[in-house]
Each structure stands twice: as structure tokens, then as C-alpha cells.
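Chemist: sequence isn't available, so here's the structure alone:
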């Protein structure tokens, strides 16, 4: 292992011990730092000044990187060099005086209730794998889960009596997420039928499994979502969070309290949830028409 690789690994271990960050978050930090290290070529990560960081960010921009991507990279570097400064590995933080690039607030892509219905009906449920996919889509939308949270659900997390699922989200934070009756019915039927057909005599703690009886990856399920969206005639730009965005938007459209949505999504900061108020236009117009004297 090279000197830079050891430094990065020590930093990631410190993040995990101190903050309990998820594997995906740690992998993102590792990827950012590895990119910077490769660009430095003969320099080491600990022999960097402000000019080096600025030139690297400019290089990324010239390569077509977005302002949002550059801001995330700078955030990773700031956290890394802040750690190095505390550990007395460097005398000065080279990122301290660098301004983050300005980024506009992007509204998340969402689907209308009609589009969600078409997406949910796209899988052919007469087949075991299609029934599994329909169940996953139902649960993703009903509970507003992240794809990574969905694919990692185990039997121990599901409480059919209370109609909820215990989710471990970002930063290893747990939350109890209620699931509607319809999604729970799909889940119960899947477990008693399609899943047994997929598994045969094999065993797994994971609720959602592949034809090889292994846990499905988030990348694999993302490809499944895109395939069904195409079948449903949905040509919007989709992301793995599209149904999660739809979950939040539709709740607000139907009058849910913003703080309740915050708890259901597992957001630690209300400002993260507030972005959905900008896309819940249907509900806002309805309330204006109903209650404003000039509506």
C-alpha cells in the first residue's frame, strides 16, 4: 500500500470511528481523495498548498465537472485536511481560504401520482421476479426509503403487527417507518409465495433476493426502475431517489406536516426537507383557492 493510500485509509477509519458513517459515504470520500492524489502525481497529499487545491478544482471544471461536483470535492478535501491539521500532520489547512463554487438549489425530479401508478403496475406479477419488483416499488414509494435502505432490509427489521419497518439510515441512525396497508399486503404475499419460489431451499436473511438467492444491489435495482419507467412510458429524468421524492411531494400535497415528512425521510435537518415545499405546488394552489378571499 502506498503512502497516500495509508493516509487515506487512516482518515476513513477515523471518520468511521468518530461519526459511524456508512460504507457508501466513506467510499465517496475515498474516491474524492484518490482522484486528488492521482492528479498531484509526484506530490504527496500532505505536501499541498492553497494553489494546488485551486488548480485541481479548475482542472475538474475544465474537464466538464459541474459546480455541484466541485463543491462536493472541496467539502471532502476540507474534511480531510481539517483532520490532518488536528492530527498535526500539517501546519496549515490548504482549503481554509478557498470559496466554494456557487450552486443553485436544484429541485428534485418527481413523478405525478398518475405516473407513480403506471410505474407500479409495470412489472408482470404473474412471474416471481416481477412480483418481487412490484413489491419493492410499492414499499419504496409507501415508505419513502432510499434504494440502499430498501435492498438491505432483513426479516428482523419488519414488524407486521405494527405495520412498520425499522430502518438504519445515514450515519447509522435508526428510524421506524410506517408502511401502508397495501404495501404490507404486497410484502406478505411476496414472502409467502414469490420469494419462496425464487429461493427454493436456499436461505437468506434479506427480504429481497435475486435469482441467485443473494442480496440485490442498489445498482441492480436502479436498472430495474429505469426499465419499468420505460415500459410505463415515463420519459422524465429519473434518479434512484425519484420515488422517495414522489413520496415526500405527495404527502405535502395532501396536507402532511413538514416535520412529519422530515421524520419519515430520516432527515436530520429540516432545511433538507423544505426543498419539497417548492415542488408541492398542487397543494399550495388548492389551499390558496380555498382560503384566500381573492382565491
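Modeler: Ah, there it is. Only a predicted model underlies this, so the values are computations on that prediction, with no experimental measurement involved. Residues are numbered from 1 along each chain as shown.

Chemist: got a list of what residue 187 touches?
Modeler: 135, 138-139, 158, 179, 207 (Cβ atoms under 8 Å, 6 or more residues apart in numbering). Just so you know, the C-beta spots here come from the backbone N, C-alpha and C atoms, and that holds for glycine as well.

Chemist: where's the dip in pLDDT among those residues?
Modeler: By pLDDT, residue 179 ranks lowest within the contacts of residue 187, coming in at 87.

Chemist: and it, how far is that from residue 204?
Modeler: Residue 179 sits 21 Å away from residue 204 when distances are taken as Cβ to Cβ, to the nearest Å.

Chemist: so the two - more neighbours on which side?
Modeler: Using other Cβ atoms under 10 Å as the criterion, residue 179 and residue 204 rank with residue 179 on top: 22 against 16.

Chemist: keep only those of the contacts of residue 187 that are in strands.
Modeler: When the contacts of residue 187 are checked against strands using DSSP state E, the ones located there are residue 158.

Chemist: with distance to residue 220 added, can I get the contacts of residue 187 in TSV?
Modeler: Below are the contacts of residue 187 laid out as TSV (distance: Cβ to Cβ, whole Å):
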residue	distance to residue 220
135	15
138	18
139	16
158	21
179	23
207	15
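
Chemist: from the contacts of residue 187, list just the buried residues.
Modeler: Buried subset of the contacts of residue 187 (neighbour count, 16 or more other Cβ atoms under 10 Å): 135, 138-139, 158, 179, 207.

Chemist: that older thread, of the contacts of residue 187, just say which sits nearest to residue 70.
Modeler: Nearest to residue 70, judged by Cβ to Cβ, of the contacts of residue 187 is residue 139 at 35.5 Å.

Chemist: apart from its neighbours in sequence, what residue is nearest the closest one?
Modeler: Counting by Cβ to Cβ, 6 or more residues apart in numbering, residue 139 lies nearest to residue 183, which is 5.2 Å off, once chain neighbours are set aside.

Chemist: next one: the one you found from residue 4, what distance?
Modeler: When distance is defined by Cβ to Cβ, residue 183 is 47 Å away from residue 4.
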